[in-house]
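[1] Just need the structure, nothing else, for what follows:
(chains A and B)
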Amino acid sequence: MSESMVQIRSVTKIYERGKQKVEVLHGLSLEIPKGDFVALMGPSGSGKTTLLNLIGGLDQPTSGEISVGGHRIDQLSSGQLANWRAHNVGFVFQFYNLMPVLTAEGNVELPLLLTRLPAAQRKKNVAVALQVVGLSDRARHKPRELSGGQEQRVAIARALVSDPQLLVCDEPTGDLDRKTADEILGLLQVLNREHGKTIVMVTHDPKAAEFARRTLHLEKGQLLEQVAA
Amino acid sequence: MTKTGFVVANLFRKKTRTILTILSVIMAFLLFGLLQSLNSIFSSGADFIGATRLVTQARVSFTQPLPLSMVPKLETVPGVARVAYSQWFGGVWQENTQVFTFAVDPQRYHDVYAEWVMPEEQWKAFANTRTAMVAGKLVADKYGWKVGQKIPLSSNIYPQKNGSKSWAFDLVGIYDGSDENWKKQTNAVFINHDYFDEANQFGKGRANFYFLKLASGADAAAVTRTVDGMFENSPDETKTQTEKDFNLSFVKQIGDIGLIVRWILFAVFFTLLLVVGNTMAQSVRERVPELAVLKTLGFSDGSVLGFVLAEAVALCLVGGVVGLALATLLGAMVEKGTGGQFQLNVNGLIWAIGIVTILAMSMAVGLLPALRARRLKIVDALAGR
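    Numbers count the residues shown, from 1 in each chain, chains lettered A, B, ... in the order given. Next comes the predicted model:
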């Protein structure tokens, strides 16, 4: 686990809300090795989600450097960043964010529309991803026909289907009951331990953080300490 | 799943709304097709090809009758085989039922209009009875008229010499059409011009319309030029046209048909822009987080713009093409139903203009929501800002 997946150096992020400037991250530096499973914790407004967005290439830092998988993503244009995300990162959100008009397999196939894979290959990949999350029998169901836990499994399958090395998860169990949350976290653990995925997860839940290899605490835009699981 | 499938799935996320919007597009393009074809009928130039008869009337208006002394002059024009004439009588049956009534010279009319079929003895009775009337089969059937009946008609234009507007005619014949098309037009009544001319209080020796039966192989355009040239700069200048154009000229009296059509279409499309534009804007507004997720997954700003525009194009294209197809079908039905008298032909040019309009409308209704989708910042959209 020595090779770096994420390298963040002196990153500052300032948001402009009208005339007001809000500095959310203050010269933050961080390194996440390949195959790590990191939980980011901290109070509201501490900058957890901002940091996650920067790691996932959803936003750009105001200053500082961010490398993910060897790519300096802070130097990419909006179009290049979109292309980079398509091939390198999988996202899991608190509210699943599935397309309600598509079936489970349609949702999982969505990222593959950005590839040149033929339809038959896409179908195979989708079947594998749904199998990994244990939802092969719900492939033809639309999100409204699934439980919250099942929806989150579909979202994880969607994040996995293009085989990215990095998964970023924003409160993936925030909308689930304890039992279902533990199942989802167990699944993430399997993906980390057995499939070698590097996972960065934002959570408020200390029990969820226990599933990670280590926990990072943020407060007022700075890292406090690192706790190994 | 394909990108097209994704666009279609998004289009039908709210089925009722989409179907109602498509129906409004269908209605708009149905109107567009029919009104454009109507407009092209009125805006097309004179077509003399295949004309076997011409109609001459006063240049200013057909309401101004022309003297019967023109008949021998017209018959001298090369290519004219026979001339008939008719005068609008303005017949009213019973209380207030308008009956299309024309005073004609029976023999001349019979010679020029072989399409009106009636037993020869009834034609003779028409010619030989001063107070005679012949009615089209449709009129006779409608009012239950029988040959031998006395038919009282009043004229809203011509009183008799004694001042009475009530006239009485002897129904001596009922004519039919020679084929299906002409049978559909047997909705007029003819009276004897000689009697009308003598008995009415107003002008004598005049008629509104002169029907020129052309000799076989005659050049209709040349006859038109000769006739109108013959009476140019006289007190009775003429306008000669084909029967088809003559029939259309009645409708043209309503006003500038082209302008009316343009205004109706402007109102229809303006309303449509608001309806479809609102649908598209609403559709994008209510799925901002979904569009942000697409971008998160790696779809570029341009791809997201393309998805929204494709929805607008699909919405307008489906409605527009169905509307134009229905207009084509209805136009053909109207043409068949009127025996070819009213040729509502939704032709290739109208289709081409329609397709261009569909694409222009798609851009007009889709571009703003698509640009909004393109400009979405993922972080803000996911955070609901």
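[2] counting contacts, what elements does the helix or strand hosting B:Tyr109 pack onto?
    Following DSSP states H and E, one finds B:Tyr109 within helix B:106-112. Helices and strands touching helix B:106-112, by 3 or more C-beta pairs under 8 Å, 6 or more residues apart in numbering or on different chains; DSSP states H and E, are strand B:80-88, helix B:120-128, strand B:188-192, strand B:209-214. (C-beta placed from N, C-alpha, C; glycine too.)
[3] In a markdown table: the ones you listed, plus mean pLDDT.
    Compiled in a markdown table, the helices and strands packed on helix B:106-112 are given as follows (pLDDT from 0 to 100):
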| stretch | mean pLDDT |
| --- | --- |
| strand B:80-88 | 94 |
| helix B:120-128 | 95 |
| strand B:188-192 | 95 |
| strand B:209-214 | 94 |
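[4] which stretch among the ones you listed comes nearest B:Gly384?
    strand B:188-192 (72.6 Å; C-beta to C-beta).
[5] quick one: strands adjacent to the closest one?
    Its sheet considered, strand B:188-192 pairs with strand B:97-104 (parallel), strand B:132-136 (antiparallel) by DSSP bridges.
[6] Helix or strand next in line after the longest helix along chain B, which one?
    Scanning chain B for the helix with the most residues, using DSSP state H, yields helix B:301-337. Following helix B:301-337 in sequence order, the next helix or strand is helix B:348-375 (DSSP H and E).
[7] what's the next secondary structure element after that next one?
    Sequence order places helix B:378-382 as the next helix or strand after helix B:348-375, per DSSP H and E.
[8] Now that following helix: average pLDDT?
    Across helix B:378-382, pLDDT averages out at 88.
[9] which helices and strands does that helix pack with?
    helix B:288-297.
[10] redo that, cut-off 10 Å
    Applying 3 or more C-beta pairs under 10 Å, 6 or more residues apart in numbering or on different chains; DSSP states H and E, we find helix B:378-382 packed against helix A:48-55, helix A:78-88, helix B:288-297.
[11] Can you say which of these is nearest to B:Phe270?
    Evaluated with C-beta to C-beta, the helices and strands packed on helix B:378-382 place helix B:288-297 nearest to B:Phe270, the distance being 27.9 Å.
[12] now the strands for the stretch 151-300 of chain B?
    Using DSSP state E, counting those that start in this stretch, the strands of the stretch 151-300 of chain B run over B:166-177, B:188-192, B:206-207, B:209-214, B:238-242.
[13] Give me the buried positions along whatever helix or strand A:Gln121 lives in.
    Using DSSP H and E, A:Gln121 maps to helix A:119-132. By neighbour count with 16 or more other C-beta atoms under 10 Å in any protein chain shown, helix A:119-132 contains the buried residues A:122, A:125-126, A:129-130, A:132.
[14] Out of those, which is nearest to chain B?
    Nearest to chain B among the buried residues of helix A:119-132 is A:Arg122, at 8.1 Å by C-beta to the nearest C-beta.
[15] Contacts only, for B:Ala81.
    Shown in contact with B:Ala81 (C-beta atoms under 10 Å, 6 or more residues apart in numbering or on different chains): B:52-53, B:75, B:111-112, B:212-216, B:218.
[16] Among the residues you listed, which one sits closest to B:Ser164?
    Proximity of the contacts of B:Ala81 to B:Ser164 (C-beta to C-beta) peaks at B:Val112, which lies at 31.9 Å.
[17] Got the confidence number for the closest one?
    93.
[18] just A:Trp84 next, same as before
    pLDDT recorded at A:Trp84 is 94.
[19] Next: B:Asn187.
    B:Asn187 is assigned 88 on the pLDDT scale.
[20] With A:Gly221 instead?
    Here, the pLDDT recorded for A:Gly221 equals 85.
[21] and if you look at the one 3 residues further on?
    Looking at A:Leu224, its pLDDT stands at 84.
[22] Which helix or which strand is home to the nearest residue to it once chain neighbours are set aside?
    Nearest residue to A:Leu224 in three dimensions, chain neighbours excluded: A:His217, at 4.2 Å (C-beta to C-beta, 6 or more residues apart in numbering or on different chains). For A:His217, the element it lies in under DSSP H and E is strand A:214-219.
[23] in the sheet, who's paired with the residue nearest to B:Lys150 when sequence neighbours are not counted?
    Spatial nearest neighbour of B:Lys150, chain neighbours left out: B:Ala168 (5.6 Å); criterion: C-beta to C-beta, 6+ apart. Taking DSSP bridges as the rule, B:Ala168 bridges to B:Pro152.
[24] now do B:Ser86
    When bridges are called by DSSP bridges, B:Ser86 pairs up with B:Val104, B:Phe209.
[25] Contact partners for residue 64?
    Using chain A. By C-beta under 10 Å, 6+ apart, the contact list for A:Gly64 reads A:8-13, A:25, A:27-29, A:54, A:74.
[26] oops, I was thinking of chain B
    Applying C-beta under 10 Å, 6+ apart, the residues near B:Gln64 are B:57-58, B:206, B:208, B:236-237.
[27] Swap in 6 Å and give it another go.
    By C-beta atoms under 6 Å, 6 or more residues apart in numbering or on different chains, B:Gln64 lies in contact with B:Ala58.
[28] for B:Val268, same thing?
    B:28, B:31.
[29] mind checking how far it is from chain A?
    Noted for B:Val268: a distance of 31 Å to chain A, by C-beta to the nearest C-beta, to the nearest Å.
[30] so what pLDDT did that residue get?
    On pLDDT, B:Val268 comes in at 88.
[31] One more: B:Glu335?
    pLDDT for B:Glu335: 81.
[32] Next up, phi/psi of the closest residue in space to it that isn't next to it in sequence, please.
    Sequence neighbours aside, B:Gln343 is the residue nearest to B:Glu335 in space, at 5.2 Å (criterion: C-beta to C-beta, 6+ apart). Taking degrees, to the nearest 10, you get phi -90, psi 80 for the backbone angles of B:Gln343.
[33] Provide a PyMOL selection command restricted to the buried entries of the contacts of B:Ala81.
    Here is the PyMOL command that selects the buried residues among the contacts of B:Ala81 (16+ other C-beta under 10 Å):
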select buried, chain B and resi 52+53+112+212+213+214+218
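[34] tell me the secondary structure for B:Ala114?
    coil (DSSP: H, G, I helix; E, B strand; the rest coil).
[35] any idea how far it is from B:Arg82?
    Using C-beta to C-beta, to the nearest Å, we find B:Ala114 at a distance of 11 Å from B:Arg82.
[36] okay, those two: which has more neighbours?
    Higher neighbour count among B:Ala114 and B:Arg82: B:Arg82, with 18 against 11, using other C-beta atoms under 10 Å in any protein chain shown.
[37] mind checking how far the closest residue in space to the more buried one that isn't next to it in sequence is from A:Leu185?
    Residue nearest to B:Arg82 in three dimensions, not counting chain neighbours: B:Lys213, with 4.3 Å by C-beta to C-beta, 6+ apart. Per C-beta to C-beta, B:Lys213 is found 97 Å from A:Leu185.
[38] now do A:Ser4
    25 Å.
[39] for B:Thr2, same thing?
    From B:Thr2 to A:Leu185 the distance is 35 Å (C-beta to C-beta).
[40] more neighbours, these two?
    Neighbours per residue (other C-beta under 10 Å) separate B:Thr2 from A:Leu185, with A:Leu185 holding more: 25 against 11.
[41] so which strand or helix has the closest residue to the more buried one other than its chain neighbours?
    The shortest distance from A:Leu185 to any non-neighbouring residue, by C-beta to C-beta, 6+ apart, is to A:Phe211 (4.1 Å). A:Phe211 is part of no helix or strand when elements are defined by DSSP H and E.
[42] Phi first, then psi, for A:Phe211.
    Note on A:Phe211: backbone dihedrals following degrees, to the nearest 10 are phi -80, psi -20.
[43] before we move on, what about B:Val147?
    Dihedral pair for B:Val147: phi -60, psi 140, per degrees, to the nearest 10.
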